[in-house]
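J.: Here is the input, now give the coordinates:
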Amino acid sequence: MSKFYTCRLAAYIIANQLIIMEKEKQQLNIFSNIKYDLPSGLVVFLVALPLCLGIALASGAPLFSGILAGIIGGLIIPIISRSSLSVSGPAAGLTAIVLAGIEKLGSFEIFLAAVMIGGLIQIILGLIRAGSIAYFFPSSIIKGMLAAIGLILILKQLPHAIGYDVEQFGLQDFIVDGGRNTFSMLGEALSHIEVAALIISAISIAIMIMWEKTRLKNIAILPAALVVVIVGTLLNILFQSLYPEIALAQKHLVNLPVPQNGPADFLKELRMPNWNGFKMKEVWIVGLTIGIVASIESLLSVEAVDQLDPYKRKSPLNRELLAQGAGNLISGLFGGLPVTAVIVRSSANIAAGGRTRMAAIMHGVFLALAVVFISRFLNYIPLASLAAVLLMVGYKLTKPTLYVSMRKEGWPQFLPFIITVVAILLTDLLIGISIGLVIGVFFVIRTNFHSAFKVKKEEDKYVVKFRKDVSFINKASLVQILNRLPEENAVVIDCRRCEFMDHDIREIIDNYAIEWQGNGKEVELRRLNDHYIKKTFAH
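T.: Okay, here's the model as predicted:
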């Protein structure tokens, strides 16, 4: 009797907890969590600002086009999207495409037409419900992508953390200009250490670690990342006053263009697309490339962010394509770079305690206000402080425990995971994911080979049992099994668990059954569709 009441009590507690969790989710609307989303949006803005500038510079585009893309990614896309925590903006993964596109098309204004075409393609993909393509990527590939982004953040931000700010802040490519790569840059950085940057980043990391282990983390309006940016800025100002010989120069700080004549200076930076570009075949090819690549990167980023979401909310992917398409359409119209959902900004949002889309919106508001009114003050922020924030974000994405848990899941899960990590680290996001996906598909096929059929002996008969639906992928495995069966024994082919059978498999069974009948061998086919029920061969 006690067991019965214990079970009832446990069931009641579980059910009650589920109700509470559901109510919590319902309460996560974009206005009721402003005390979390406002400071988180500020942190994401501080991280996104140098990323926007760095990506624009590396893309061979005007600096303002990167800022404008960040503003659109914050103000337009979250309003249409239903992804709670993803943050959009110009993506490092599109840098090579943008650089090559501008060079191929001859002008930035013509390239803007391609950005608009990319947006239209994304809208079409959303309308035809192509967002489900993201579900075809195994979780091991998504986890590998997150771990690789974490490693890239650590490797790329370490030089900035010690004051070696040669490479543009926010770039993720393995190969650096001049034939150098990520690892050689680390070696160079060790011989160019800035004492002030090292002190600032060390103190910043210590603050964030302490923040996580104390009650300070419960202060919603003051996330650790915001504190380290303030502390880092004040420290460098202190160094400038007391120890000017070690203070950081402007090249080691945020470098945002300062308007001399107010907002009018930035309005002059707006570029309109060259409408004649829509008549050019090359523009449509570049636009198609942007639309497809940006869609895949956005879908994978949103899928990854959903895995990181503490509330485990699921984003409607077709809606996300519509949102990204609208963002690119508007960005191209007013002179911005192409935008995608970006895992770096999104991870920073989650780490800073963001809860809803309002955090992404606030980051866009801060970007818009900053470039017009407070850019001169933002130029006091050390890149070392922002690097420290991204180092902690990177560590959370690629914790050692993740590798241990993936290894425990077996080689079919671990190998695609680790190969994806290495491939992304040494190439770029999309190439790395493609390589990991090929490896993942290989293991799926391999598993199908071993699990689709089972052979056992019943008295004087060999039974070939189909465990599930079969397709042409299982042809080789079935032929090998049938060839190994002894000639003198009868054969039973049991398909009672198989609701779908590919034509290739039917053809193999037909051919073997005819051959066995000709050799005087007894063959029984159990519970196939009508085509096979009529073809029962017996000696």
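J.: For Gly187, see how far away Ile292 is.
T.: 37 Å (CB to CB, to the nearest Å). Using the backbone N, CA and C atoms, a C-beta is placed for each residue, glycine as well.
J.: between these two, who's got more neighbours?
T.: Ile292 (15 against 10; other CB atoms under 10 Å).
J.: Wait, a helix at the more buried one?
T.: Yes. Assessed by DSSP: H, G, I helix; E, B strand; the rest coil, Ile292 belongs to a helix.
J.: Relative to Gln324, how far out is it?
T.: Distance of Ile292 to Gln324, computed by CB to CB: 12 Å.
J.: Just the buried positions in stretch 394-404, please.
T.: Within stretch 394-404, the residues scored as buried using 16 or more other CB atoms under 10 Å are Gly394, Tyr395, Lys396, Leu397, Thr398, Leu402, Tyr403.
J.: What about the residues you listed, which are in helices?
T.: Assignment to helices by DSSP state H places the following of the buried residues of stretch 394-404 there: Gly394, Tyr395, Lys396, Leu397, Leu402, Tyr403.
J.: hang on, the second one packs against Ile154?
T.: Yes. Counting by CB atoms under 8 Å, Tyr395 touches Ile154, with 6.8 Å between them.
J.: Let me see the contact set for the nearest residue to Ile343 once chain neighbours are set aside.
T.: Setting aside the residues directly before and after it, Ile343 is nearest to Ser301 in space (CB to CB, 6 or more residues apart in numbering), at 4.7 Å. Contacts for Ser301 (CB atoms under 8 Å, 6 or more residues apart in numbering) come out as Ser86, Thr340, Ala341, Val342, Ile343, Ser346.
J.: and of these, the nearest to Leu49?
T.: Leu49 lies nearest to Val342 out of the contacts of Ser301, by CB to CB, at 13.3 Å.
J.: what are the bridge partners for that closest one, then?
T.: Judged by DSSP bridges, the bridge partners of Val342 are Val87.
J.: Look up how far Phe169 lies from it.
T.: As judged by CB to CB, Val342 and Phe169 stand 14 Å apart.
J.: Leaving out the residues flanking it, which one is nearest to Asn274?
T.: Using CB to CB, 6+ apart and skipping residues adjacent in sequence, the residue nearest Asn274 is Glu109, 4.1 Å away.
J.: what does the helix or strand hosting Val492 contact?
T.: Per DSSP states H and E, Val492 falls inside strand 490-494. With CB under 8 Å, 6+ apart as the contact definition, strand 490-494 has outside contacts at 458, 460-466, 485, 509, 516, 521-528.
J.: Show me what the next helix or strand after it is packed against.
T.: Of the helices and strands lying after strand 490-494 in sequence (DSSP H and E), the nearest is helix 503-518. Packing partners of helix 503-518 (3 or more CB pairs under 8 Å, 6 or more residues apart in numbering; DSSP states H and E): helix 475-484, strand 523-526, helix 530-533.
J.: looking at it, Pro257 is touching Pro62, isn't it?
T.: No. Under the criterion of CB under 8 Å, Pro257 makes no contact with Pro62, lying 10.0 Å away.
J.: How is the protein divided into domains?
T.: 1-30, 34-131+195-396, 452-533 (automatic domain parsing).
J.: ranking those domains by mean pLDDT, which is last?
T.: With a mean of 51, domain 1-30 has the lowest mean pLDDT of these.
J.: coming back round to it: with neighbour numbers in mind, choose between Val342 and Phe169.
T.: For Val342 and Phe169, the more surrounded residue by other CB under 10 Å is Val342, and the numbers stand at 28 against 25.
J.: who are the neighbours in contact with the more buried one?
T.: With contact set as CB under 8 Å, 6+ apart, Val342 has these partners: Gly73, Ser86, Val87, Ser88, Gly89, Ala91, Ser301.
J.: what's the helix or strand for the first one?
T.: In the assignment (DSSP H and E), Gly73 maps to helix 63-75.
J.: what comes up buried for the next helix or strand after that helix?
T.: Remark: after helix 63-75, the chain's next helix or strand is helix 77-80, criterion DSSP H and E. Residues Ile77, Pro78, Ile80 are the ones in helix 77-80 that count as buried (16+ other CB under 10 Å).
J.: what sits against Ile142?
T.: Contacts here follow CB under 8 Å, 6+ apart; on that basis Ile142 touches Leu300, Glu303, Ala304, Gln307.
J.: Can you name the helix or strand that the second one falls in?
T.: Just to be clear, that refers to Glu303. Element membership for Glu303 (DSSP H and E) is helix 281-308.
J.: cool, and Lys465?
T.: Assigned by DSSP H and E, Lys465 falls within strand 461-466.
J.: How far away from the center of its chain is that strand?
T.: Put simply, strand 461-466 sits 45 Å off its chain's centre (CA atoms, centre = their mean, to the nearest Å).
J.: Against which helices or strands is it packed?
T.: Packing partners of strand 461-466 (3+ CB pairs under 8 Å, 6+ apart): strand 453-458, strand 490-494.
J.: Tally up the residues packed near Leu238, please.
T.: 12.
J.: ok so it is a strand residue?
T.: No. Assessed with three-state DSSP, Leu238 is helix; it does not lie in a strand.
J.: what sits against it?
T.: Per CB under 8 Å, 6+ apart, neighbours of Leu238: none.
J.: Can you show me the helices along the stretch 51-200 of the chain?
T.: Under the criterion DSSP state H, counting those that start in this stretch, the stretch 51-200 of the chain contains helices at 63-75, 77-80, 95-105, 108-127, 139-161, 182-190, 195-213.
J.: what's next to the first one, contact-wise?
T.: Around helix 63-75, the neighbours that count as contacts under CB under 8 Å, 6+ apart are 48-49, 51-57, 59, 87-90, 108, 257, 266, 269-271, 327, 330-331, 334-339, 342, 360-365, 367-368, 371.
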